[in-house]
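[1] mind looking at a prediction? Sequence and model below.
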Amino acid sequence: MNVDWFDFHLPEELIAQTPLEERTASRLLMLNKSNGDIRHGVFTDLEEQLRAGDVLVLNNTRVIPARLMGMKKDTGAKAELLLLKQLGEDRWEALAKPAKRLKTGSVIAFGDDGSGSPLMEADVLEEGEMGARVIRFRYEGIFQELLDRLGEMPLPPYIKERLEERERYQTVYSRHEGSAAAPTAGLHFTESFLRKLEEKGVILAYVTLHVGLGTFRPMSADTVEEHEMHSEYYELDERNAELLNEASRSGRRIVAVGTTSARTLETLAGRFPEGQLEACSGWTSIFIYPGYKFRLVNALLTNFHLPKSTLVMLVSALAGRDAIMKAYGEAVDRRYRFFSFGDAMFIYD
């Protein structure tokens, strides 16, 4: 399957650079995956689309201030790390810039303790592909407090504007720190809108998937089948496993909020028999593209994604490539806002 089949023209000015002041003020494209019907509205129309008994599954990961700006200790040259995956014992997988100068053995210094010494140092332990590095931090005190002090929010490379308010790149239900990027479909929700959905009878369930390296890497393969996803850590607790099991057993809809929730749910579906999910954790590198048969996800709320991205392939697997390409064409024609701070799409039947 050729990657170019998932290409489309996207004017650069449609890439949303800043979030709307009101989270729920985004537009909503509604796509019926059974008949291809497309309707246009606003995000709060989601309340009408959801039914009492639906289980709305939200990814409660929290983005860490994972972009660190420092300098090489030996030369004083600028150096940047983007933390992607915690490996234990103060070791992390990270993207390094400039990668060519950050070889194994390099030391990067961050901050100043007031006496001319760095607040934290990082040793480069291993070199990987496309700028990937394994590093180990050295510091005194509490790592998370130092990261909050020294780090910046790791906005995607297509966002050029500075984010004035850190929390605007977090979902209102974020709980578990560990992501290098936000699960952006969830950015549209407010606490009050979630309460309205619960009052209607919609059941809220939570999974955790820490968004990692794959978010920042374009596809380099010519065919879909050649592409390899990077693994990301997920968790499901006992209470939410039972909520999902009850929905499966009773035939109620499971609605994933975002592709991260969808990938987690489908990973769980491959791990356990239907209706028998258990509390668990692990790593997933699931790659969903057309031909895949969804087992848990019935409907999906998602943002609009990059051309030729794995995320466009995922939504095409759910709704069909032709329907998605048509919907994206209408979104471009109607000047929808794209990507992390953009508008939303609801795929349902």
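    Perfect, I can see it now.
[2] could you use CA atoms for every contact and neighbour count after this?
    Fine.
[3] list the contacts of the nearest residue to Gly291 once chain neighbours are set aside.
    Closest residue to Gly291 apart from its sequence neighbours, by C-alpha to C-alpha, 6 or more residues apart in numbering: Ala317 at 6.3 Å. Neighbour list for Ala317: Ile288, Tyr289, Pro290, Gly291, Tyr292, Lys293 [criterion: C-alpha atoms under 8 Å, 6 or more residues apart in numbering].
[4] let's see 10 Å
    By C-alpha atoms under 10 Å, 6 or more residues apart in numbering, the contact set of Ala317 is Ile288, Tyr289, Pro290, Gly291, Tyr292, Lys293, Phe294, Leu311, Ile324.
[5] select only the buried ones of those residues in PyMOL?
    The PyMOL command for the buried members of the contacts of Ala317 (criterion: 16 or more other C-alpha atoms under 10 Å) is given here:
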select buried, resi 288+289+290+311+324
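[6] got JSON lines for the contacts of Ala317, with secondary structure and distance to Asn2 too?
    Converted to JSON lines, these look like this (DSSP: H, G, I helix; E, B strand; the rest coil; distance: C-alpha to C-alpha, whole Å):
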{"residue": "Ile288", "secondary structure": "coil", "distance to Asn2": "15"}
{"residue": "Tyr289", "secondary structure": "coil", "distance to Asn2": "12"}
{"residue": "Pro290", "secondary structure": "coil", "distance to Asn2": "11"}
{"residue": "Gly291", "secondary structure": "coil", "distance to Asn2": "14"}
{"residue": "Tyr292", "secondary structure": "coil", "distance to Asn2": "16"}
{"residue": "Lys293", "secondary structure": "coil", "distance to Asn2": "20"}
{"residue": "Phe294", "secondary structure": "coil", "distance to Asn2": "22"}
{"residue": "Leu311", "secondary structure": "helix", "distance to Asn2": "15"}
{"residue": "Ile324", "secondary structure": "helix", "distance to Asn2": "16"}
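[7] assign a three-state SS to the residue nearest to Gly291, would you?
    Following DSSP: H, G, I helix; E, B strand; the rest coil, the label given to Ala317 is helix.
[8] so how far is Leu95 from it?
    Between Ala317 and Leu95 the distance, using C-alpha to C-alpha, to the nearest Å, works out to 30 Å.
[9] over to Arg23?
    Applying C-alpha to C-alpha, the value for Arg23 to Leu95 is 30 Å.
[10] again, but for Arg51
    Remark: distance between Arg51 and Leu95 (C-alpha to C-alpha) = 42 Å.
[11] could you do Asn245 as well?
    If you measure Asn245 against Leu95 using C-alpha to C-alpha, the figure is 38 Å.
[12] out of all residues in the chain, which is the farthest from the middle?
    Taking C-alpha atoms, centre = their mean, the residue of the chain most remote from its mean C-alpha position is Ser115, at 39.2 Å.
[13] can you get me a residue count around His153?
    One thing to correct before we go on: residue 153 is Met, not His. Using other C-alpha atoms under 10 Å, Met153 is surrounded by 23 other residues.
[14] I'd guessed it sits against Arg62; true?
    No: applying C-alpha atoms under 10 Å as the test, Met153 and Arg62 come out as separate, 11.2 Å apart.
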